[in-house]
Structures are given as structure tokens and as C-alpha cells.
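Asker: Sequence and predicted model, in that order:
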2 protein chains.
Amino acid sequence: MTALLACHWQPARLVRRAVPTANRFLHHQVDTLTLAELLGTTNLRKRTPEDYKVLREIYTSFERYNSVGNDIQLTLKERTANDMIMCEKKREYEKGIMDPTQFAPGYHIFKVLDKLRESPLFHMLQKMPKGGALKVIDTSITSLDWVIQLTYRENLWVCTTDNCCHIQEFRFSKEKPKESAGKGGEWQTMEELREFRGEENLKKYLLTRLSMYPLTSFTTNAHAWKHLMGIFYLLQGLLRYADVWGDYFYRALKEFYADGVQYIEIRSLVPQLYCLDGSRLPGRVAVEIYRDRLRQFKDENPGFIGCKLIYANLRNVEPNVVAKYVKECTELNKEFPSFVIGFDLVGQEDKEHQLSRYVPELLKLPDHIDFYFHAGQTNWYGSHVDENLIDAILLGSKRICHGYTITKHPILMNLAKYLNIALEVCPVANQVLQLGSDYRNHPAATLIAENVPMVISSANPALWRAKPLSHDFYMAFLGIAPMNADLKFLKRTAKNSLRFSSLKDEGKAKGMLKWKKEWDEWIDQIVEGKLKLDKKGSSKKKSTPKTPKK
Amino acid sequence: MTALLACHWQPARLVRRAVPTANRFLHHQVDTLTLAELLGTTNLRKRTPEDYKVLREIYTSFERYNSVGNDIQLTLKERTANDMIMCEKKREYEKGIMDPTQFAPGYHIFKVLDKLRESPLFHMLQKMPKGGALKVIDTSITSLDWVIQLTYRENLWVCTTDNCCHIQEFRFSKEKPKESAGKGGEWQTMEELREFRGEENLKKYLLTRLSMYPLTSFTTNAHAWKHLMGIFYLLQGLLRYADVWGDYFYRALKEFYADGVQYIEIRSLVPQLYCLDGSRLPGRVAVEIYRDRLRQFKDENPGFIGCKLIYANLRNVEPNVVAKYVKECTELNKEFPSFVIGFDLVGQEDKEHQLSRYVPELLKLPDHIDFYFHAGQTNWYGSHVDENLIDAILLGSKRICHGYTITKHPILMNLAKYLNIALEVCPVANQVLQLGSDYRNHPAATLIAENVPMVISSANPALWRAKPLSHDFYMAFLGIAPMNADLKFLKRTAKNSLRFSSLKDEGKAKGMLKWKKEWDEWIDQIVEGKLKLDKKGSSKKKSTPKTPKK
């Protein structure tokens, strides 16, 4: 602190003038209590305006000193890049203060998604090497355009109701399927349906049916969750087909990498895939396919760091089922020790059982497999729902997914900080699932202010047609973080995503090198003006992203 | 902490069993760090389910121990009342978790205001002696029904545009006024307008024109503020008339007292009132009228504690104008030393100058007149707007009005706690002015969790047709506080409103006695079942409240 003050002015003289006790700033590590004592022992009204100015500067330096990214030293080139980034950030911010209707983070993502293409700041963030995406669900991460292309594959059947208006289920099959999980549906081939409804119409329908669009506001988060689960159900028929499973994953890796993500930890239910004849494959096959496609992708893209899998099954079950999950996860970890590395339970927390119900079963998981629990994804306070945060921490969770309500539990928040448990913050998912509306009110602002470890992730970006990670970064950087959060914040956040990953020390060091290489290239591009938008969004491609050439 | 644990179980044996280091709970004052060290030095995964249970209980006791109101001891009778209150609270809460569309604090106040009449919890809170309302603006606190009655008084002229469809200005005058502040308006008598538009129609129009209805969502808070300022402007012509000024205030005292408020601190611009001949009276007259009507009201209602005035003029001015404010406030305080006791600057913070701009002028205010600054009424983070919080605290503000954004500044939040600066939280005003939508996301939850001093107030309840303080209490108790916040929370909050008031020690002691008397009566009424709603809202009167008989 002393050194910090010294950079700005000659502290000894000025601070002593400010208030007699202020010179303790010069001899001690300053903490809030010292500052409080300093203020508490003075009559704040008996100060001259000059003294006041000094004290105010002390405070703002102190706040700056505690901010996220303050530990980062920027190179000369990074400082130049920072000026350019902050110029664009301030432009958007100031336009927003003048006229809040112009401030994208004040709106629902669906209303501003298209407009963001014209944002020079978004464009820069999109190209930024963001490190890892540590919280994504494996069946909601590949763009819907690509998923719709899937429906042109051979042997696809579709079960519809309401005179073909509503698609209930997909199935790849040699013959017409006999049964359907829904009621009153009729099976036909996808070709027949496409002919009946018209190609363009059907495409439009699927873009809506497989996403959370067009509703920007559901009545409640319960309603939003129901809709979300409906999408996942429909996707099952497409994605759990053994021939598709690996392609979807491979495509996801491609799209994430193109969006500046070099490392991924996916949560997966690890389903039993099905074959054309209706037979089912054991869960391990789904994992094996992932591992093989990952190897292929890494061979083709040496800049990519890797991918790990967190076994994450549905939480709305009896304890004996959780015991089965634990057993399956343990077996998968034995077979794929460096790939299946964690355990979680997923699903709408508000409606389902508490983590505490499963403690005896959960404690049976071998302790080299880490917990990465979803907890506190709610805005209820002091209910059975946010109590999951207590259990996540007491069970030794390595990270916490969402933790939206943790700022209402300062003791837990401090524990997370002390125990280095990073929160996986997914701003856009929280908005789409109706936890909050305006990004400026997202509780992660308090996490940033308190310097609680956090990473930014995207959960199910494909379901809101967002980029794999860029929209979440944009909303976090512009809407949640303070106005003066700059390249240091971005760098710290990107580095955190590797630091708090499940990579072992050596893997982290290697990963950090790969990230650093791309980071430096990005900084070069900014400084050389290569990431400037020529005119409104023209330098940026609208649709399918490409893997950057190495 | 030790004592606390001892109430629940035999700690020595159980805690020692839980984890070897847990016995430090028995010898030390437990703080977060101790808990963190305890967790950090153990392998949390190597625990038996029984040990886990104990550790979890330690944590929850710890959280309970730190909660608002934990210092309150309930009497036997209060405990019975508490059970009855919590029964109703839990009913509403659990209904909400099952079906969030049934949870009132998830909605805009305009959508649920009428429905709340049927809520047994609201009914109980309405009757609760709430202590003081420390943040209300003097011209927006009396019910609109009463204000509309004002328009039947003699000599009232009205200036309209758009073929009498839009009322631009009111004026009491013997003769037809010549000039108007707006453009293109025509003056006529109120009788003429009433005849032309029809009495019922006009009444309906006024109910909307003088309130923030019917819009539940403006585009932005800037839009909402513009609308709000328009209402204040229109009210000027009615309320600044010398013959009305005192009546409006007197009526406000009546309505607040009937709503369980025994003490008020009003913020006032202290305007120059006008007379029927158009002449203006000096500011001191407005204050004198208040003081005299207050004396009358206190004589008639010995249970009422009192009212004080905080001089609060508009902040969108040059420093020399603030210097004039300081001078006027100083003079008023000289003449009314026990009534004019504080200073503030009001208006939309986002658009206007920072407090820091006025430091030299503000420091000239004699230090026996306290500052009660509006600050941080925004959801911008790290902008010039929330910096007002720094200045409010460094200038020695006795309380902070709103401080909506303070949870993003943990150092300031800790300073407020350490220096006993209470935050005046106005939940409904924050929603209507578009800072947030769902009460469950209101940042005051973090204030409660951190045990930062706070009081609940209502700012401008008449403009949203809310009860003087009951709706804010209801939203805070059900929507913002944790589910288990109970009568202890309510009692602490009510007591805080006197504790953090500007009353001197003797006044506080006397006030507390008056409050205690009504509190005990309220507890009796609950326990005796007198506050139960017979059927849907039937025991509660719908319209004008009556002053309780003493």
C-alpha cells in the first residue's frame, strides 16, 4: 500500500496533513479495519477540502489495490492494447450513461444478440484467447445451424403431433420406430416431414424449437426450466445416436476453439448411445468416442490444450440412484483416468432434493475424483435451495457451478475465497433461466469486488444462439465488472480458467504456454489495428466460425 | 459461539468427533477465518456422514449467530406471536417455491398491490409498529385520494393542453393566472374542467397522472425519473399553496401513524409557498407551518414520537447554489434547532454532478447539522455515480439514502458497518425507478447477511399508491430477507429506525418507550388472534386509514 501511494504522490507529507492518524498508512499493511479506525477517530467534518482530496485518493487507491487483476503486470505492448480496448469499452459505457436504452447489458440477450455484431468491443473480445470454458453441458454447445444440418442425415425419423406442427421426438432407425415416449405422436421420415412443411419453414421451426427463443421473459424460472428440459429431451434422439455423438462433440471443439477457447471441461450425463437397430451401448462407449475425437482434434490443432469430462447426472433421484452414479463415475474414471475427472449432479435445484440428502453416497466417491457441484442457482434466500452451497463447500467441492446466491452468504463467500473454490459464473444462462434481467445487477459484481475466485463460462450457449463464450465475456466485462476493469481483469479471468481447471500442475504449465502464445498474438493484432471493424461489423463473419489456422 | 453450540448439543464430544481441529470452537471466539482454517486443514472427503452432519450444524449455527436480530431476546408471548407470523410467512414462501407465479415479491408492485390485501402476513405487518420512516420526500407521502379531494377546494385553476386532455399545471389564485411554465396551455377553473371532462373521468385521469401507474416497466430508469419529476412538478401548484401546505403534512402524519409509523424524518426542498394573490413567502414559513402542525398532531396523538426535517434541495446545480443551500439550512437550523437537523442533495444521480464537486461548500455546514446523503442509487458500477458513496462516507454522512450499489464496494460496506452508518433501504422505490425487478435480487439481502446497519423506508409511497411503510416492510421481510428471518428481524429493524434516527439520547429513550407500548399491544393482538383475516381480506378496511384510538 505504501508503495502504491508513493507512485501517486509524496504520501508522508500529504497524508500527515490530511489527518493526524493517517500516517499509519505508511507503516502498516492497510486493511479495511485500519481505514475504518482512521475515519472513526476523526471528525470528518473538520477537514479542509485539500485534506479531503488526499483522503479520497487514499481510498480510491485502496479500492484499486484490491481489485481483480491488480496482480497482473502489463507489458508495454499490452498497455497499448489496453488503451484501445478501454477506449471502446468507455465509449459503450458512456453512451449508456447518457442514454440507457443504448446499453446492451441492460437488455435480454435475445434483444441485443444481433446488434452486438456491430460492437467493436465485442469483436475484440471474440478474438481474445479466453483460456478454458469450465462449465458447459455437452449436448448444448454446438451451433443450431449445424444441428439442423444433422437432420439431413440418412435414416432419421421424426414423431409429430398436431398435424405435423409439433415435433415430439427424433430417432435414427432403419425401420419406422414403433413406440414413442410422448403421447399420440405419428412417426414419419424426416424427408416426408420436410416435404410436407417446406424446407425453409421447417428450418425456422427447428431454430425456435431447439432454442430458448423467442421468449425473452418466461413467467418464472420454473417455466424456463421446463422449456429447457424439453429442448434437451428433443435433442436426445438426434445426439445420442452413436454415429452422431462424436461428430457433435468434434464440431463443438471446433466452434469453441474458433471463439478463443483452448480448453474445455464438459459436464455429461454419459448416456447409453443407441444404434440404427435400436440396440444400446454401455455408457463407457460415449466416453470412449469423446476421448478418440478429442485426440483427433488435438492432433489437428496443436494449439488446443484439451478437454476433460465431469460426470454429471440428474439430481431428481433417490439416494440409491446417486449411489449408482458414484459407482459408474468411479468405473469410468478407472478406465479413463485422465479424462473423466469429476462428479456433479444437475437439474433445476429449486424443485429437487438437496445435496445433503446424498451425503453418505457422495462420500463414497474416491477422493481423487473431484466434486464440481451445481449449487445456489436460485434467487431464493435461506431456503432449502441455497443451502446446497453449504454442502458443496463442506463436501470439498473443487469449484461451484453458478453459486448465484452466494453473495447472500458472506461466510460461505469468504470460505470460497480462503479455500480457493472458484465460482463458475454463467451470466447469459442466469438471465435466460430468469434469475435476473439486467446484467448490472448480477451478483458476480460482488464476487469481483471481493476478489472471490471466479471463472466465466457459458453452460448451454447453443440454446440461446450465442457464441461459445464471447457473449458471456462481453456481458461480464461490460455489464458486471466495474467500468475501470480492463485488460488486467481480462487476463486474470482467462488465466483463472486454467488455474482453477482440473489440469495437473504439468498440464497447467503446458496449457499456460499454449494460451500465452495465442494471447500474445491477439495483443499484436489489436496493437496493429487488425481487429478494428472497418464499418458496421463488416470485418466479422456472420455465420459459422472457422478454426483459426495455425 | 460456544454457548450457542451448547444449547443444541454437547459440543465437546460431538465436535471433537467431527474433525480433530474442531475443538478450537470450544476455546476461541469463532470467526470466518477459524472456520476456514478448520476446513482448509482437513480432507473434507475423508469424513463419515455423521461427522459431516455435525460440521454442517456448526456452520448453520454460525450463520444463524451472525444474522440480523440475533441479539434480540423474545419474550414468551413474542415467541407465540412469532410462530403465528412465521406460519403465514412460510405459507407464502412455500407456495412460491412450488409455483413462483404465486410469489408476490417476484412481481412489480403495481401487479400485486391489490392482491396483497388478501395476504394475512401483509395484514399483520401493516398493524406492526414499525418505528420510524427515515427517508420520505415531503410532497409524495399523502394518499392520492386525499390529494384529489384537494382539487375541490376554492380558487383552483388548472392549465391544460391538447383540448383539456393533459393537465400541465395547477394554481390557486383569485384571478385567472396569466403565465404558465409550460407552453401553449390554457387556464380555466377546476370546476370548468370537471364539468367538461366529467367528474369520474377526471378523477381517473388524476390517479394516473399523479402516480407512476400504469407502467410496470419503463424503458430505462432515466425514463422513470423523467416521469417522476413530472409528477413532482404538477404537485407543486397544489401543495405549495400556503393554505394547503400544512394540511397535506398533517394528513401525512395521520396516514403514517395509522400505518404503524410513530416517527418520521422528512426530506424537504423547503420551498417558498405562494398565496392567493401570487405573493411568495420565505422558506422559513414552510418550516414553521410544519412545526406548528406537528405540535398539533402530537398533542392529539400522545403515542406519536415526532418528526424532523432534513433540508434536501436539488443536486443539479453549480457549487455556488449549494453554498446558498448550506447557508439557508444553517439559518433554518438556527431558528428551528430541534426540527431542521440535516442536509442532503436530491435528484437523479446518474445524470447529475458528483458530491465531490461540492466538497468545499459542504464542509462549511456547521458540524452539528448532520449529512444524510443520497448516494449510490444506481446500478452502474465503478462509474462517477456510485463514487458518491465514497464521498458520502468520507464526508461523515450519518446515514446513506439507498446505497443500492454499496454491495459492489465491500470496503465501503465494511466502513458503513464499522462507523454505524445505516443505509436507508427503499425496496419499492428502487423497483419503480427501475433499478431492479425481482425483490429477491435486491442487494439489501447482502446487507442483511453482512449485518450492515439498515432501516427500511418508502421514499414516495403515494406515487405508487402504496401504504406509507407497510408494502416496503412486506417486500423486505418476504422478498429480501432470508426465509428464516422472523420476529427478531422485524423487531431489530423497527428498533434500528429509532436507533439510527437523529433523535438525541433522551428523545430516543422516550421514543423507544412509546414504540414499546404499541409493540406490546400489537403482540397481544396477534396472540389473541385479533389480526387474523376472517376470510379473504374482510377484516381489513380497503380505503382511508384511521388514526388508532388511544
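Answerer: Thanks, I have it.
Asker: Please save the CA atoms from stretch A:63-74 in PDB.
Answerer: What follows is stretch A:63-74, C-alpha atoms only, in PDB (Å, rounded to 0.1, in the frame of the first residue of the first chain):
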ATOM      1  CA  GLU A  63     -10.100   0.000  -3.700                       C
ATOM      2  CA  ARG A  64      -8.000  -0.200  -6.900                       C
ATOM      3  CA  TYR A  65      -5.400  -2.200  -5.000                       C
ATOM      4  CA  ASN A  66      -8.000  -4.800  -4.000                       C
ATOM      5  CA  SER A  67      -9.500  -5.200  -7.500                       C
ATOM      6  CA  VAL A  68      -9.400  -8.300  -9.700                       C
ATOM      7  CA  GLY A  69      -6.300  -8.300 -11.900                       C
ATOM      8  CA  ASN A  70      -4.300  -5.900  -9.800                       C
ATOM      9  CA  ASP A  71      -1.600  -8.600  -9.500                       C
ATOM     10  CA  ILE A  72      -1.200  -8.600 -13.300                       C
ATOM     11  CA  GLN A  73       1.700  -6.600 -14.800                       C
ATOM     12  CA  LEU A  74       1.000  -5.500 -18.300                       C
END
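Asker: any bit of it sitting next to chain B?
Answerer: Yes - using CB under 8 Å from any CB of the partner chain, stretch A:63-74 reaches chain B at A:63, A:66. (Each C-beta comes from the backbone N, C-alpha and C, glycine too.)
Asker: List the buried residues in that stretch.
Answerer: Residues A:63, A:67, A:68, A:69, A:74 are the ones in stretch A:63-74 that count as buried (16 or more other CB atoms under 10 Å in any protein chain shown).
Asker: repeat for stretch A:452-466
Answerer: Neighbour-count burial for stretch A:452-466, counted by 16+ other CB under 10 Å, picks out A:452-466.
Asker: May I have that stretch exported as PDB, CA atoms only?
Answerer: What follows is stretch A:452-466 as a C-alpha-only set of coordinates in PDB (Å, rounded to 0.1, in the frame of the first residue of the first chain):
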ATOM      1  CA  VAL A 452     -13.500 -14.200  -4.800                       C
ATOM      2  CA  PRO A 453     -12.100 -16.700  -7.400                       C
ATOM      3  CA  MET A 454     -14.300 -17.000 -10.400                       C
ATOM      4  CA  VAL A 455     -14.300 -18.100 -14.000                       C
ATOM      5  CA  ILE A 456     -16.700 -17.200 -16.700                       C
ATOM      6  CA  SER A 457     -18.500 -19.900 -18.600                       C
ATOM      7  CA  SER A 458     -21.500 -20.300 -20.800                       C
ATOM      8  CA  ALA A 459     -23.400 -23.500 -19.800                       C
ATOM      9  CA  ASN A 460     -25.600 -24.000 -22.900                       C
ATOM     10  CA  PRO A 461     -24.700 -21.300 -25.400                       C
ATOM     11  CA  ALA A 462     -26.200 -23.000 -28.400                       C
ATOM     12  CA  LEU A 463     -29.700 -22.900 -26.900                       C
ATOM     13  CA  TRP A 464     -29.600 -19.100 -27.000                       C
ATOM     14  CA  ARG A 465     -27.600 -18.900 -30.300                       C
ATOM     15  CA  ALA A 466     -24.700 -17.200 -28.500                       C
END
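Asker: If we ignore the residues flanking it in sequence, what's nearest the residue in the stretch 401-550 of chain A that chain B sits nearest to?
Answerer: Among all residues of the stretch 401-550 of chain A, residue A:482 sits closest to chain B, at 2.7 Å; criterion: CB to the nearest CB. What sits nearest to residue A:482 in space, not counting adjacent residues and going by CB to CB, 6 or more residues apart in numbering or on different chains, is residue B:382, at 2.7 Å.
Asker: what are the phi and psi angles of that neighbour?
Answerer: The phi and psi values for residue B:382, taken as degrees, to the nearest 10, are phi 80, psi 20.
Asker: give the contact list for it.
Answerer: Residue B:382 makes contacts with A:481, A:482, A:483, A:484, A:485, B:408, as judged by CB atoms under 8 Å, 6 or more residues apart in numbering or on different chains.
Asker: can you name the two of those that are farthest apart?
Answerer: The most widely separated members of the contacts of residue B:382 are A:484 and B:408, with 12.3 Å between them, by CB to CB.
Asker: Do you know the pLDDT at the residue in the stretch 251-400 of chain A positioned nearest to chain B?
Answerer: Residue of the stretch 251-400 of chain A nearest chain B, by CB to the nearest CB: residue A:382 (2.7 Å). pLDDT for residue A:382: 91.
Asker: ditto for residue A:234
Answerer: Looking at residue A:234, its pLDDT is 96.
Asker: hang on, isn't it packed against residue A:160?
Answerer: No - counting by CB atoms under 8 Å, residue A:234 does not reach residue A:160; the two are 11.5 Å apart.
Asker: which of these two has more neighbours?
Answerer: Higher neighbour count among residue A:234 and residue A:160: residue A:160, with 21 against 17, using other CB atoms under 10 Å in any protein chain shown.
Asker: dump the residue contacts of that one.
Answerer: By CB under 8 Å, 6+ apart, the contact list for residue A:160 reads A:166, A:167, A:168, A:185, A:186, A:188, A:193.
Asker: Many thanks, I have nothing further to ask.
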